[in-house]
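Asks: Got a predicted model here, sequence first, then my questions.
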Amino acid sequence: MLSKAEKQKVIDDLASRFHSVSSVFVVEYQGLKVKEMDVLRKKLRQTNTEFRVVKNTLLEKASLGTDIERMKDLFSGPTAIAICDGESSAAAKVFVDYGEDFPEIKIKGGIFEGEVVDVSRIEQIAKLPSRQELISEFVGLLSAPMGNLVGVLEQTRSNIVNVLEGLKEKKTK
């Protein structure tokens, strides 16, 4: 059991994190084994997301004055939170994928970019392409016209060379 000072430290730590992040997911984890929780934590860490099991009363106190306060009705039963410092869609993808293998993990809802979202919206977010994929697509879109231009210029150069060679052959005959 935590002392009053330790509880206050948890509340202060969470409150400062809640003020600085744009996305937090609330999850029910009842029935997951310790090893399964460790695997989930490891996968989330790769997306720069912290996964914490916190008492509901501490969560409620820490959420006061933040966007997280708008979803305090989700703080019931065995609750864990995922605080996303990185790409929120990647964290959502981890939960959705992990939930397929381990139905004990249930997403209750969350805050995504300042907006309260439910489970169906989180599943939609999980289907979004990652930031890297979007950047790759964008670069591909930018490079395609340039590649076409280079091809046209090369073809024009080739045509001019062919015409000049034809004229040269015609004059030599």
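Replies: That came through, no problem.

Asks: what sits against the closest residue to residue 43 other than its chain neighbours?
Replies: Counting by C-beta to C-beta, 6 or more residues apart in numbering, residue 43 lies nearest to residue 94, which is 4.9 Å off, once chain neighbours are set aside. C-betas here are computed from N, CA, C, even on glycine. Residues near residue 94 by C-beta atoms under 8 Å, 6 or more residues apart in numbering: 40, 43, 44, 47, 49.

Asks: What's the first helix or strand after the helix or strand in which residue 94 is found?
Replies: Using DSSP states H and E, residue 94 falls within helix 88-101. On the C-terminal side of helix 88-101, the closest following helix or strand by DSSP H and E is strand 106-112.

Asks: Direction included, what does the helix or strand that comes right after that next one pair against?
Replies: On the C-terminal side of strand 106-112, the nearest following helix or strand under DSSP H and E is strand 115-117. When pairing is defined by DSSP bridges, strand 115-117 lines up against strand 106-112 (antiparallel).

Asks: could you dump the partner strand to CSV, C-alpha only?
Replies: The C-alpha coordinates for strand 106-112 follow below in CSV (Å, rounded to 0.1, in the frame of the first residue of the first chain):
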residue,chain,number,x,y,z
LYS,A,106,-10.4,-4.2,-23.6
ILE,A,107,-10.1,-0.7,-24.7
LYS,A,108,-12.6,1.5,-22.8
GLY,A,109,-11.9,4.8,-24.6
GLY,A,110,-9.5,7.6,-24.7
ILE,A,111,-8.5,11.1,-25.7
PHE,A,112,-7.0,11.4,-29.2
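
Asks: which residues touch that strand?
Replies: 22-28, 67-68, 70-71, 74, 79, 82, 88, 92, 95-96, 99, 116-119, 121-122, 125.

Asks: again with stretch 23-37
Replies: 18, 40, 51, 53, 68, 71, 74-75, 77-84, 88, 91-92, 95, 102, 104-113, 122.

Asks: Among those residues, the buried ones, what's the PyMOL command?
Replies: The following PyMOL line selects those of these that are buried, judged by 16 or more other C-beta atoms under 10 Å:
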select buried, resi 18+40+51+68+71+74+75+79+80+81+82+83+84+88+91+92+95+102+105+106+107+108+109+110+111+112+122
